[in-house]
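# coords below, sequence missing:
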């Protein structure tokens, strides 16, 4: 039992008994004798218990109680009343000094009316204007010390910039299954990545976010000439062993928070072409074609704006543009513009599905090139989710086409409760005649809330237009820690 | 018998008679509420009172002050409508209010921090959970006394009686089991283990040695056959067969689910997964998740009306709606800005929700069909919960 709880319990007991004891004192005035002795003993007992309570709580002056066995002879009614009053005073002190009895105060937003003379009214009066102000109010709410500490910590956290870290290390081993002898085979690769996230609330419904990333290592993509990235982290690799600002934007929410606007240095793949089971190289597939649709064409992050309108009725609309060329000299160069319509519902009774259709234009080649794509994930069972993507992008002569599909598993068919795994296949067919087939299996083992270990097995088969096809099996392990 | 003792006994007898005979008080003070189904009961945590609002006129019709620093948590009518009971969390007492006269008739010392309670179907017993005391107080509603105090629980949050009143199930938020109480003898019969902690807990002991999120409630199916008990740390809903008192299925949902709420037709059980801010919809025929939707932060309750589930996101000020016919999101109702909303009850006709807005000290009446909001102000300080007699959405958080 906590000390404060013990104190409170004592207060309650004493209060109850005091009420009855005062009645007894009044009766004792009419009937001196044995009853007075009983009354005296009860007062002594109360004094002793109050003394014990005070010992458990705040320090106080020694109690002036007489031994419980004191005789009633010579004790007048006035003596008894004085001792009762002393008891009540001590009890009052105990109540007011105990931390848990401190009245709670807080500030609340109130609407008042101010008239022409500057007099404030609680109710609307003719000629007065409505004003929003803030006022302290006091309530009788007992709070424990724990609650007080938690409130203070929460208030402090609200004012601070929160920092998050996402660190990963991916080790991969390649085995060549076909291709020229000049191509590497049997090599080991490793790439370490660390993201630092900074988040701060800067105004009502307005958030600042920044992501600084540092990468180091040698991914297989530096040696193997696949059409897509074998290690999706490589897409982040700007400069080795240097910190790069990946994202820095401000987001605000308007119209009852149904419209979210983000502006700054963006990664539009965080807003478009999303997929619940194939969209994150840090926790799902590591092959880049199973993370994003290549037809999107975004090669790097840049300045841009994204707007997301989601009234939470199952349909959402997104629009945005972003510069995707770090060498661009002005804001009109290399602009990618995207619109997307999304739908969430249960078109088949096995579970919910998310369906997205997007359209993109790009002026980076000097002319306006377009692309269209689809991304969907549909629950087949509570454990299995089907995913698929399709994309078609305008190229020099004809179109580049791409599709991928697979299944992600969670909430069952797993070793531990929070594990996930998936299998996927992707196919790219470029206008230039190059083709690529990618397959991947991964199992993401949740070692703790903050640590995951994922073995991956990938297969790449590339058929260049000019011949010389080659294939690789890539086995790897990814450690990922997030805070 | 000496005079003092006789006088004391007489006074006690008179007091007891007054407490046990609200009818006599009624005659003296007049009836304030003649039909308990016609009012909304509001628990005001910080003004330490219970207030009553007429469901037709939306006017306040009565108030019962419980005492400073009582801080009531949850309140409910007995099934016969005679009393309202509430637990004074910071006073460590249960309070009994006579409904017709709105008179506080009894304060009963219980264990530490009484919060949620339940009344036996015959209105005979009032089971008061004492989370900080790890006990259940059994209060006899005839004698208005605590007749038993059942120890051995771990932060007992909610109690669920079987429809026949033979057993009561106690959800322990400080553990991963549901207690079965024999209501005839008021004894803990069994602890039903809802699920195992994942094997990887050895790698992250602090995750499980820190704050525990166990079972907050065992929600009962319409036929009384099954209980749906969500466990926060395990991320599951355990389905308990009440005939055999054993778990027959464990349904994985999202992380940190806060209790399972049963739709009124019994077709769905809805969990609020605060770990990833999603809402899982369980089909109770197949006991499988049939939809998982995006929710909001700090979800505390779900109500059902007009064929929809309404999920309350406490700190965002939003109520999220989901169409249970098409299993699609059905909009988001903005109750206010910079507010904290608490729990709601649904009227018996299932047309309106009565939601406590603790920041503005209002009750927000939400039309379940149109999502229009009517505000009733000055209901008391920090309205923490609401209750309508015979409503199927009477719960607390």
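Noted; the coordinates are in hand. For clarity, every value in this text was computed on a predicted model and none was experimentally measured.

# Can you tell me who the residue nearest to residue A:188 when sequence neighbours are not counted pairs with across the strands?
The shortest distance from residue A:188 to any non-neighbouring residue, by CB to CB, 6 or more residues apart in numbering or on different chains, is to residue A:173 (5.2 Å). Every C-beta, even on glycine, is put in place using the N, C-alpha and C of the backbone. Beta bridges link residue A:173 to residue A:188, residue A:475, judged by DSSP bridges.

# How many residues are close by residue A:173?
Counted with other CB atoms under 10 Å in any protein chain shown, the neighbours of residue A:173 add up to 15.

# got it, and residue B:390?
When neighbours are counted by other CB under 10 Å, residue B:390 registers 12.

# Residue of the stretch 151-300 of chain A nearest chain B, please.
residue A:256 (4.3 Å; CB to the nearest CB).

# Now do the SS call for whatever residue of the stretch 51-200 of chain B ends up closest to chain A.
Per CB to the nearest CB, residue B:90 is where the stretch 51-200 of chain B lies closest to chain A, at 3.7 Å. Classification of residue B:90 by DSSP: H, G, I helix; E, B strand; the rest coil places it in coil.

# Now do it against residue B:41, distance only.
When distance is defined by CB to CB, to the nearest Å, residue B:90 is 20 Å away from residue B:41.

# Mind checking which of these two has more residues around it?
Taking other CB under 10 Å, residue B:90 and residue B:41 do not tie; residue B:41 has more neighbours (27 against 24).

# Chain A versus that one, what's the distance?
Applying CB to the nearest CB, to the nearest Å, the value for residue B:41 to chain A is 20 Å.

# So that residue sits against residue B:388, correct?
Yes - counting by CB atoms under 8 Å, residue B:41 does reach residue B:388; the two are 7.2 Å apart.

# So the residue nearest to residue A:188 sits against residue A:185, correct?
No - here residue A:173 does not reach residue A:185: they are 10.4 Å apart, not a contact under CB under 8 Å.

# Can you name the residues of the stretch 351-483 of chain A that neighbour chain B?
Contact residues (CB under 8 Å from any CB of the partner chain) of the stretch 351-483 of chain A with chain B: A:351-352, A:379, A:381-382, A:411-412, A:416-418, A:446-451.

# need the contact list for residue B:256.
Taking CB atoms under 8 Å, 6 or more residues apart in numbering or on different chains, we find residue B:256 in contact with B:213, B:232-233, B:235, B:273-276.

# Provide the backbone phi and psi angles at residue A:157.
With angles defined as degrees, to the nearest 10, residue A:157 sits at phi -60, psi -30.

# What count of nearby residues applies to it?
Neighbours of residue A:157 using other CB under 10 Å come to 9.

# The one 5 residues further on too?
Summarising burial for residue A:162: neighbours were counted as other CB under 10 Å, giving 11.

# Need the nearest residue in space to it, chain neighbours excluded.
Leaving aside its sequence neighbours, residue A:162 sits nearest to residue A:199 (CB to CB, 6+ apart; 4.9 Å).

# Next: residue A:393.
residue A:371 (3.7 Å).

# That neighbour belongs to a helix?
No - counting by three-state DSSP, residue A:371 is located in no helix; its state is strand.

# What segments of chain B are helices?
B:3-20, B:22-29, B:205-209 (DSSP state H).

# What lies in contact with the shortest one?
It stands for helix B:205-209. A:448-449, B:197, B:201, B:233.

# For it, list every residue counted as buried.
Across helix B:205-209, burial judged by 16 or more other CB atoms under 10 Å in any protein chain shown covers residue B:207.

# Relative to the whole chain's centre, how far out is it?
29 Å (CA atoms, centre = their mean, to the nearest Å).

# thinking again about what came up before, and of the contacts of residue B:256, the nearest to residue B:284?
Closest approach to residue B:284 among these (CB to CB): residue B:273, at 17.7 Å.

# Find the residue closest to that closest one in space, skipping its chain neighbours.
That would be residue B:254: by CB to CB, 6+ apart, it lies 2.9 Å from residue B:273.

# Just list the residues touching the one you found, thanks.
Residues counted as contacts of residue B:254 (CB under 8 Å, 6+ apart) are B:235, B:271, B:273, B:275-276, B:278, B:280, B:292.

# I'd like those written out as TSV, with distance to residue A:441, neighbour count and pLDDT added.
What follows is those, written out as TSV (distance: CB to CB, whole Å; neighbours: other CB atoms under 10 Å in any protein chain shown; pLDDT from 0 to 100):
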residue	distance to residue A:441	neighbour count	pLDDT
B:235	25	26	95
B:271	31	29	98
B:273	28	21	98
B:275	27	17	95
B:276	25	12	95
B:278	26	19	97
B:280	27	27	97
B:292	24	21	96
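
# among these, which are in strands?
Among those, the ones falling in strands (DSSP state E) are B:271, B:273, B:278, B:280, B:292.

# wait, isn't the second one in contact with residue B:280?
This means residue B:273. Yes - contact criterion CB under 8 Å: residue B:273 and residue B:280 qualify, at 6.0 Å.

# what touches both of these two?
Here residue B:273 and residue B:280 have B:253-254, B:257 as joint contacts, going by CB under 8 Å, 6+ apart.

# now, which of those residues sits nearest residue A:303?
Of these, the one sitting nearest to residue A:303 (CB to CB) turns out to be residue B:254, at 35.7 Å.

# And the closest one, how close does it get to residue B:293?
Per CB to CB, residue B:254 is found 10 Å from residue B:293.

# Start and end of stretch B:175-185, how far apart?
24 Å (CA to CA, to the nearest Å).

# So what sits opposite residue A:135 in the bridge?
residue A:108.

# ok, it touching residue A:106?
No - the pair residue A:135 / residue A:106 is not scored as a contact, 10.0 Å apart, by CB under 8 Å.

# For residue A:446, which non-adjacent residue is spatially closest?
Closest residue to residue A:446 apart from its sequence neighbours, by CB to CB, 6+ apart: residue A:418 at 4.0 Å.

# and the one you found, how many neighbours does it have?
Using other CB under 10 Å, residue A:418 has 20 neighbouring residues.

# So it sits against residue B:198, correct?
Yes - contact status for residue A:418 versus residue B:198: in contact at 7.1 Å, counting by CB under 8 Å.

# list residues touching both of the two?
Common neighbours of residue A:418 and residue B:198, using CB under 8 Å, 6+ apart, are residue A:446.

# Burial check on residue B:168, number of neighbours?
The local packing of residue B:168 (other CB under 10 Å) involves 25 other residues.

# What is the burial count for the closest residue to it other than its chain neighbours?
Distance criterion CB to CB, 6+ apart; nearest residue to residue B:168, sequence neighbours excluded, is residue B:181 at 4.3 Å. Residue B:181 has 24 neighbouring residues, counting by other CB under 10 Å.

# what's the first-to-last distance across stretch B:250-267?
Taking CA to CA, the first and last residues of stretch B:250-267 lie 18 Å apart.

# and what of stretch B:172-181?
One end of stretch B:172-181 to the other measures 13 Å (CA to CA).

# Give the rounded mean pLDDT of it.
Mean pLDDT, stretch B:172-181: 96.

# go on, stretch A:178-188?
Stretch A:178-188 carries an average pLDDT of 91.

# Give me the below-cutoff pLDDT ranges for chain A.
Residue ranges of chain A with pLDDT under 70: A:1-33, A:52-74, A:92-103, A:238.

# Quickly list the domain ranges of it.
A:3-101, A:104-139, A:166-482 (automatic domain parsing).

# Quick check: which ranges of chain B have low pLDDT?
In chain B (pLDDT under 70), the answer is B:1-29, B:201.

# So which of the domains of chain A is nearest residue B:36?
The nearest among the domains of chain A, by CB to CB, is domain A:104-139 at 27.9 Å.
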